[in-house]
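Novice: My questions are about this predicted structure, shown below with the sequence.
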Amino acid sequence: MRRPLPFSHVLLVLTLTVFPLAGCGEDGSGTAPVADVSSPDAQDSDATDAVELDGSAADSTVTPDTGIEEVIEPDTAEPSWEAPPVAPPSEIEELTGLEWRVLKVGNKPDPVIGSLNDGTFSWPEEGVVDGYWWQDTAPDENGKLEPPSGGLLMYAVARVMLDEAAGLIVRSDAVYQTFVNGARQPGDPYAHNQHRIAFRAEAGETLVVFRIIGGSRVPGVGIWRTPDELSFHHGDATWPDPIAGDDLVQYIGLPVLNHTNGPVTGVRTRVLETEYLEETTMHFPGIGTSSVTQLSFEVRPKDTITEGGLEIPATLRVESLDLEWSYETTFTLTSADADPTVSPNIRVSYLSPVDGSTQYYGLRRASEPDEGDGRGLALSLHGASVKAIGQSGSYSSKPDMIVVAGTNRRRFGFDWELWGRLQGLNAMAHAKSTHDIDPTRVYLTGHSMGGHGTWQLGTLFPGLFAVVGPSAGWISFAT
C-alpha cells in the first residue's frame, strides 16, 4: 500500500453475471460480540472458500457521477490555547444491588409514557397500581431481563441513589427508549452490547426507565457511574491494522461520552508520540450535552513498525476549554505482517467524505506482489448481521486481486441504500487510492442484504464495474 492519491472513478461497461458467493448470510455471523469498556470487541470472521472472480470490460469514455468527493484532509491547524491538565486516574463503577420494578403492559394502553413525557413519573410501589402490576424483579447477573411476548410492551425501572453528582453510563440492549429523570435516549434494538448512553445524574434519587417492546432479542441493561466529565467506550471502537513498513495514515474512531450538563465545544484530539507512532492532532466542533460522539484520532506510523504481530499502544487524549480536565486512554493496535500470506485479512480505516467520521473496510490482500500492470479489485457487500472484516475473511486470497468489504454503517445499517450505498463507494474509492488497480478488472458482488446492495450499486453506477454478481439478493423491499 502507498500514501493515498486523489480518488479516481473508473469507467466500465456493465455485464450482469450471477455467480455464487461463499460467506455469511442474514443469519450467519455467530453470536454478537460482548462490549468491554476497556478493550475492543473481538474480530469475528466466518471464513469459507471464496469464489474466483474474473471478467473484463470494454473501453468507455463516460465517467459516472457517484457523488464521491475527494478524501477528507484532517484539520491539523494548531489553535492558540493551552489544554487543561490531564485528569487523575479514576474507575468506572458498575451499580449493582439496585431496586428494580418491572411492568409487563401486554396489549393494554400504555400507562407510563404520558408521565414520562410530562415529567411527572415517580418511583412505583410494588403491587397493583391503577390496574397494572409492578413486580420487584431485577435483571440477572448478566443484565438480562425476561422479555415480554412478541410485540408487547414492558417497562423496567431502576432506582439509583447517589451521594453526589456523577456521570451515568447506561446499556440498553433490545430496548426501544431509555429515560433518565425524563431525558430520553434511544436504545440498541439489535442488542449487540456495544451501544452506551451518557447521562448526568445529580445527588439524590435518579430513575432510569427502560421502555421495551417485545421481540426475538432478550433485553439487556446495565448502569455504571463515573466521576469524570468524559468517558471512553472501547467496546464500540473502529480501528486499523497498520502494515509493517507501511506509512499509510489511518484513524482510530472512539466513542466519547459527555457526562456534563452542557455541550463540550472546541474539541481537540491527540495521539501522543511513542516508539511506533508520530504525534498528531485533530479538531472537532464539539460533543452534545449528555450524548456520545465518535471522535477520530489520526494514526501516523513510524518506520519502527518492522514486523507483524506487534502490539502498538496508542495514547489518545481529548482536550477542550469547556472541561476542567483533559482525558486520556490507551488503545492498543496490532500490526499486520508485510507478507500478505502471513496477514491476509486486515482492517483499513479512513475518514468518510460524507461526514468526516472514521470508517473501515475489511481488506483481503493479494497473495503475490504486484507486477506493475495493476491488480483486480472485487467490492464485496456483506449481508445483514455480518461484519465487514468477516465478509473479507470469507474469501481465499487471489494472486493479483484484492477484496474490499465495506461496512454498511454497522452490520445492518441502511440495506446498502442511501448512506450504505455511499459507504460501499467510499471504501472502494479509498482502496483504489492506495493500490494500483487495473480499471478493467473492478468487480461487484454481495450476499443476501449485500446482494440487494449489489443490485443497487450495479444498476445506479454500471460504468464502475466490469461484472456485477448478486448472490441471494432481493431486488426491492416490495419483493
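Specialist: Sure thing, it's come through. These numbers were taken from a predicted model, which means no experiment stands behind them.
Novice: Take the helix or strand residue 101 falls within, keep the C-alpha atoms, and write them as PDB.
Specialist: According to DSSP states H and E, residue 101 maps onto strand 99-106. Provided in PDB are the C-alpha atoms of strand 99-106 (Å, rounded to 0.1, in the frame of the first residue of the first chain):
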ATOM      1  CA  GLU A  99     -34.000  -1.600  43.500                       C
ATOM      2  CA  TRP A 100     -36.000  -2.600  40.300                       C
ATOM      3  CA  ARG A 101     -39.600  -2.500  39.200                       C
ATOM      4  CA  VAL A 102     -40.800  -4.300  36.100                       C
ATOM      5  CA  LEU A 103     -44.200  -3.800  34.500                       C
ATOM      6  CA  LYS A 104     -45.500  -6.000  31.600                       C
ATOM      7  CA  VAL A 105     -48.200  -3.900  30.000                       C
ATOM      8  CA  GLY A 106     -49.200  -6.500  27.400                       C
END
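Novice: Now do the helix or strand following it, average pLDDT.
Specialist: Later in the chain than strand 99-106, the nearest helix or strand by DSSP H and E is helix 113-118. For helix 113-118, mean pLDDT is 96.
Novice: what packs against helix 113-118?
Specialist: strand 204-213 (3 or more CB pairs under 8 Å, 6 or more residues apart in numbering; DSSP states H and E). (Each C-beta comes from the backbone N, C-alpha and C, glycine too.)
Novice: Run through who's touching the strand it packs on.
Specialist: Strand 204-213 is contacted from outside by 112-113, 116, 121-123, 145, 147-148, 151-162, 168, 170, 172, 174-181, 187, 219, 221, 223, using CB atoms under 8 Å, 6 or more residues apart in numbering.
Novice: Sheet partners, orientation included, of that strand?
Specialist: Here strand 204-213 has these sheet partners by DSSP bridges: strand 153-162 (antiparallel), strand 177-180 (antiparallel).
Novice: Averaged pLDDT, that strand. What do you get?
Specialist: On average, strand 204-213 scores 97.
Novice: Find the nearest non-adjacent residue to residue 257, please.
Specialist: residue 198 (3.6 Å; CB to CB, 6 or more residues apart in numbering).
Novice: can you pull the contacts of the one you found?
Specialist: 167-170, 231, 257-259, 290-292.
Novice: which residues does it bridge with?
Specialist: residue 169.
Novice: Quick one, grab the pLDDT at it.
Specialist: pLDDT at residue 198 comes out at 97.
Novice: cool, residue 15 as well?
Specialist: 33.
Novice: Likewise for residue 59?
Specialist: Here, the pLDDT recorded for residue 59 equals 37.
Novice: One more: residue 21?
Specialist: We have a pLDDT of 32 for residue 21.
Novice: Please apply the same query to residue 10.
Specialist: 33.
Novice: which stretches of the stretch 51-200 of the chain aren't confidently modelled?
Specialist: Along the stretch 51-200 of the chain, segments meeting pLDDT under 70 span 51-79.
Novice: For it, which segments are assigned as strands?
Specialist: Listed in chain order, the strands of the stretch 51-200 of the chain (DSSP state E, counting those that start in this stretch) span residues 93-94, 99-106, 127-129, 132-135, 153-162, 166-173, 177-180, 183-186, 197-201.
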